[in-house]
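1. sequence and predicted structure below; questions after.
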Amino acid sequence: MKLYVVAGSGNCRKVQATLNNLNITADIEYLGLVEGDLAEPGFIAMNPNGRVPVLVDGDFTLWESNAIMQYLADKVPDNTLFSQDPHTRADIIRWQCWELAHFNNALATIASETVFKPTFFQKQPDQAVVDAAAESLNTFSRTLEDHLSDRDYVVGDSITLADYSIVNIEGFKDMIPFDWSGYPRVNAYFDRLRNDPHWANTAPESIDAIGRRPNAA
Ligand SMILES: N[C@@H](CCC(=O)N[C@@H](CS)C(=O)NCC(=O)O)C(=O)O
């Protein structure tokens, strides 16, 4: 089984944390976003969107991080990350849909404008885009803050796929210009997941390594 990733990518880190947690061994290939690897015809043939992560398992190729996580978890009987109970499973999928459509859509937009554009592309942020995304991030952070009032994890009482999905942009959370002070439970939740060894193990070696092939860092 082979997983194509880019160093520091949140969508890759959540899949790598899933592999670690489930103790699944996969051949992990680090591609260079900066070097243009994702635009190569061979990669586009695997994922026409030109994005990572991509999993290749025999003759089966799968892209979209949350789908990959679910596929991997279903390989391990009785795991606690992705329950077989229909209600628990639907709850996990619900939070994975929520993070992709709402919470991390907003967080990623701010990170993209204020961190990635200036750092990787020498471009200035579009303040109107940042302001609209911040309004959205406030809305969805409140949802998470309220949900965490009586729990440490979003589903049940231990880490599930939903948690790895929600915290996937953890590495950039405190770098963006957003006031997190009104969300103490969200901050504590990110700190809790940050300390999970399966997650921590996926962190890039340094900020300079992000987006680059390892031998180019
Ligand atoms: N919805 C996709 C998003 C994948 C995605 O956007 N990956 C980023 C890295 S975090 C990427 O490959 N970006 C390349 C680019 O924008 O050119 C997923 O969850 O897998």
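-> Okay, I see it.
2. and this protein, which residues reach the ligand?
-> Counting by Cβ under 6 Å from any ligand atom, the chain comes close to the ligand at 6, 9-11, 33, 38, 50-53, 64-65. C-beta coordinates here come from the backbone N, C-alpha and C atoms, glycine included.
3. and the least confident of those residues?
-> When those are compared by pLDDT, Leu33 scores lowest at 92.
4. quick check: that one is in a helix.
-> No - using DSSP: H, G, I helix; E, B strand; the rest coil, the assignment for Leu33 is coil, not a helix.
5. quick one: contacts for the closest residue to it other than its chain neighbours?
-> Distances taken as Cβ to Cβ, 6 or more residues apart in numbering place Gly211 nearest to Leu33, at 4.2 Å, with adjacent residues excluded. Gly211 sits next to 6-9, 32-34, 120 when contact means Cβ atoms under 8 Å, 6 or more residues apart in numbering.
6. just Asp59 next, same as before
-> Contact analysis of Asp59 by Cβ under 8 Å, 6+ apart lists nothing.
7. phi, psi for it please.
-> Phi and psi for Asp59, reported as degrees, to the nearest 10, are phi -100, psi 10.
8. for Arg194, which non-adjacent residue is spatially closest?
-> Arg194 sits nearest to Glu170 (Cβ to Cβ, 6+ apart), 5.8 Å away.
9. tabulate the residues of the chain next to the ligand (CSV), appending secondary structure and neighbour count.
-> Output for the residues of the chain next to the ligand, formatted as CSV (DSSP: H, G, I helix; E, B strand; the rest coil; neighbours: other Cβ atoms under 10 Å):
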residue, secondary structure, neighbour count
Val6, coil, 23
Ser9, coil, 25
Gly10, helix, 21
Asn11, helix, 22
Leu33, coil, 21
Leu38, helix, 19
Gly50, coil, 15
Arg51, coil, 18
Val52, coil, 24
Pro53, coil, 24
Glu64, coil, 17
Ser65, helix, 27
